[in-house]
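**Q** Give me the fold of what follows.
(3 chains)
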Amino acid sequence: MLDHEYTTKKVFRENFFKDWRKEMTRQERLVITDLEKCDFRELHAFHKDKVEARKALSKEEKQDQKDANQKIVDKYGYCLLDSHRERIGNFKLEPPGLFRGRGEHPKQGMLKKRIQPEDVIINCSKEATPPAPPAGHHWKEVRHDNTVTWLASWTENVQGSIKYIMLNANSKLKGEKDWEKYEVARKLKSCVDSIRDGYLRDLKSKQMVARQRAVALYFIDKLALRAGNEKEEGETADTVGCCSLRVEHITLHDELDGSECVVEFDFLGKDSIRYYNKVPVIKKVFKNIKLFMESKDPGDELFDRLNTALLNKHLSSLMPDLTAKVFRTYNASITLQQQLRQLTNKSDNVAEKLLSYNRANRAVAILCNHQRAPPKTFEQSMANLHSKIVARKEQLALAKTELKLAKKEMKTKDGPDSKLMVDRKAAAVKRCEDQLLKMELQATDREENKQIALGTSKLNYLDPRISVAWCKNMDVPIEKIYNKTQREKFAWAIDMTEADFEF
DNA sequence: TACAAAGACTCAGAAAATTTGAG
DNA sequence: TCTCAAATTTTCTGAGTCTTTGT
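**A** Here you go, the predicted model:
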């Protein structure tokens, strides 16, 4: 913790010290009055040593550890739902620690307290025997609510929010919910044209609310922005989504880089990830935004008459179950399908097909603004890969000359041995070429992926049936695109999808 | 009936843990 | 086949969205 940048932040230090003092005895409080004078290095070293000691364990000891952990999973990691044994997603409750939060969180550094059995609500069926609380303790409550999916819950002390113990993504329950989500998005496909016509028409509405709603929908549809609920000021980091955009987040350019009517976005979104984009928009949208911004201060809301409740209410009147986030799912999935069609050739080899798949996935991640910090070792690993490629090229050149030599020799002294030699050398050349191509594709993929996180879209936005159908059509084994966990999560799609599936 | 707060669930990237593969 | 670093997978828990509840 000490080597983290956030321990140097003023807010973090102040919050921590304030909460720490609350935990001190009267004597301690008298002595410890200034965080600057506290030296945690010994404590830090103690923890570091512990980590090192664990790393240094022998093979057998590590295996013992693993077995012991597995036993815990076997005992506590499952529940019985509708007489099916299902894996629990997070069966361990959150240990105490210092709250970090993302971005400039006003509560960073606060003490996250240890959860006691007295804080925990157990939710199980009436017939079930609830788990026994630790000796000398009791649960806050044992209830039997079959309208919700959680098994246990508690209220966390930093933000006052409720935390839940829920099922793993590979459970039947979550799988069905996932399927429903994509079915709603597919329904949107069939009426998106008329919805688009609708909001384009509303851009000229006499009512300000309708115009603001239309522009917001235009952004949500075109740019896959999140809805943007209002947040309590001072309780969380200052981030926004579509409906909560402020004037300061937008710059208008009548003309920019050869395009007309360009909107420049610059704001912090979910998890304080920066959204920066310059987008040419249609004239009517541009004019409306100008109008919305008129005589407003930078800190004022762009859509002062609109909020997510109003927006979603309107959407649900256009299509059952339609909300702002469905547009993200729909646009993500339809983009994947289009990109896969555009980028992949049946005649490509598997490595080339996989690069295309990753590129299609990447197009979606960019649309949804899924970013990651470039890996710390990125430059090094890139350099390593390039030097490997150079080495392989040299090896290939050598293999080629050897092949030529072998062919020459076969001509001079015709015999089974020299024929064998030619075959062997030819195979070596082929192998070398394949490996070289594979590495070059890998280098391209990695370079393009430097700051892009593919996982989130793959796991949460892309209808898995599109990928399964693509694999079938392209003769790519499903294991190449989904690892074991992902295959478990998407088992429903892998089971039911035919090659002709269309999103 | 409106609207705010509470509740329940999905989605999010970082970090830790584990596996892989090159030498 | 052993070792080590890099790559991949898993875990963790915070941050959103949207629905339900209560006043």
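**Q** so where's chain A uncertain?
**A** Across chain A, residues meeting the criterion (pLDDT under 70) sit at A:414.
**Q** Please enumerate the helices of the stretch 251-400 of chain A.
**A** A:283-293, A:308-318, A:324-343, A:350-367, A:378-412 (DSSP state H, counting those that start in this stretch).
**Q** From the contact counts, what lies against the third one?
**A** To tie it back to what came earlier, the one meant is helix A:324-343. Applying 3 or more CB pairs under 8 Å, 6 or more residues apart in numbering; DSSP states H and E, we find helix A:324-343 packed against helix A:172-202, helix A:208-223, helix A:308-318, helix A:350-367, helix A:464-474. C-betas here are computed from N, CA, C, even on glycine.
**Q** Do you have the helices of the stretch 1-150 of chain A handy? List them.
**A** For the stretch 1-150 of chain A, the helices defined by DSSP H, counting those that start in this stretch cover A:10-23, A:26-31, A:41-55, A:59-76.
**Q** winner for burial among those helices?
**A** Highest mean neighbour count of the helices of the stretch 1-150 of chain A: helix A:10-23, a mean of 15 (counted as mean count of other CB atoms under 10 Å).
**Q** hang on, the earlier thing: looking at the helices and strands packed on helix A:324-343, which is nearest to A:Ala453?
**A** Among these, helix A:350-367 comes nearest to A:Ala453, with 6.3 Å by CB to CB.
**Q** Skip the chain neighbours and tell me the closest residue to A:Val120.
**A** A:Trp154 (4.9 Å; CB to CB, 6 or more residues apart in numbering).
**Q** Check A:Ala493 too.
**A** Closest to A:Ala493 by CB to CB, 6+ apart is A:Pro464, at 3.7 Å.
**Q** Which of the helices of the stretch 1-150 of chain A sits closest to A:Glu447?
**A** Of all the helices of the stretch 1-150 of chain A, helix A:41-55 comes closest under CB to CB, at 31.8 Å.
**Q** Could you list the residues of chain A in contact with DNA strand B?
**A** A:4, A:51, A:66, A:69, A:145, A:147-150, A:153, A:155, A:160, A:162, A:164, A:166, A:174, A:177-178, A:181, A:226, A:232, A:270-271, A:273, A:325, A:329, A:368-373, A:388, A:391, A:453, A:455-457, A:460-461 (CB under 7 Å from any atom of the strand).
**Q** which among these end up buried?
**A** Buried by 16 or more other CB atoms under 10 Å: A:153, A:166, A:174, A:178, A:181, A:226, A:273, A:325, A:329, A:368-371, A:453, A:456-457, A:461, out of those.
**Q** close to DNA strand C, is stretch A:53-67?
**A** No: Stretch A:53-67 is not in contact with DNA strand C by CB under 7 Å from any atom of the strand; minimum separation 8.8 Å.
**Q** can you give me the end-to-end distance of that stretch?
**A** End-to-end distance of stretch A:53-67 (CA to CA, to the nearest Å): 18 Å.
**Q** Domain map for chain A?
**A** Annotated domains of chain A cover A:5-165, A:173-322, A:332-496 [automatic domain parsing].
**Q** and the gap between the spatially closest residue to A:Gly234 that is not a sequence neighbour and DNA strand B?
**A** Using CB to CB, 6+ apart and skipping the chain neighbours, the partner closest in space to A:Gly234 is A:Pro106 (5.6 Å). Distance of A:Pro106 to DNA strand B, computed by CB to the nearest atom of the strand, to the nearest Å: 17 Å.
**Q** Next up, the contacts around the closest residue to A:Arg186 other than its chain neighbours.
**A** Distances taken as CB to CB, 6+ apart place A:Phe503 nearest to A:Arg186, at 6.1 Å, with adjacent residues excluded. A:Phe503 sits next to A:182, A:186, A:189, A:333-334, A:337, A:463, A:465-466 when contact means CB atoms under 8 Å, 6 or more residues apart in numbering.
**Q** From these, pick the one nearest DNA strand C.
**A** A:Tyr182 (14.6 Å; CB to the nearest atom of the strand).
**Q** before we move on, back to that, give me every residue that touches the residue nearest to A:Val120.
**A** Contacts of A:Trp154 (CB under 8 Å, 6+ apart): A:93, A:115, A:119-121, A:140, A:162-163.
**Q** in the sheet, who's paired with it?
**A** A:Lys163 (DSSP bridges).
**Q** How much space separates it from A:Lys9?
**A** 28 Å (CB to CB, to the nearest Å).
**Q** same check, this time on A:Glu502
**A** Distance from A:Glu502 to A:Lys9, by CB to CB: 50 Å.
**Q** Which of those two has more residues huddled nearby?
**A** A:Lys9 (16 against 9; other CB atoms under 10 Å).
**Q** Any figure for the gap between A:Pro298 and DNA strand B?
**A** Taking CB to the nearest atom of the strand, one finds A:Pro298 at 24 Å from DNA strand B.
**Q** Excluding sequence neighbours, find me the nearest residue to that residue.
**A** Here the residue nearest A:Pro298, using CB to CB, 6+ apart, is A:Glu248, at 3.6 Å.
**Q** Also near DNA strand C: which of the buried ones among the residues of chain A next to DNA strand B, exactly?
**A** Restricting those to those near DNA strand C - CB under 7 Å from any atom of the strand - leaves A:226, A:325.
**Q** Enumerate every residue touching the nearest residue to A:Leu367 once chain neighbours are set aside.
**A** Nearest residue to A:Leu367, sequence neighbours excluded (CB to CB, 6+ apart): A:Ala224, at 5.1 Å. Contacts for A:Ala224 were tallied using CB under 8 Å, 6+ apart; they are A:327-328, A:331-332, A:367-369.
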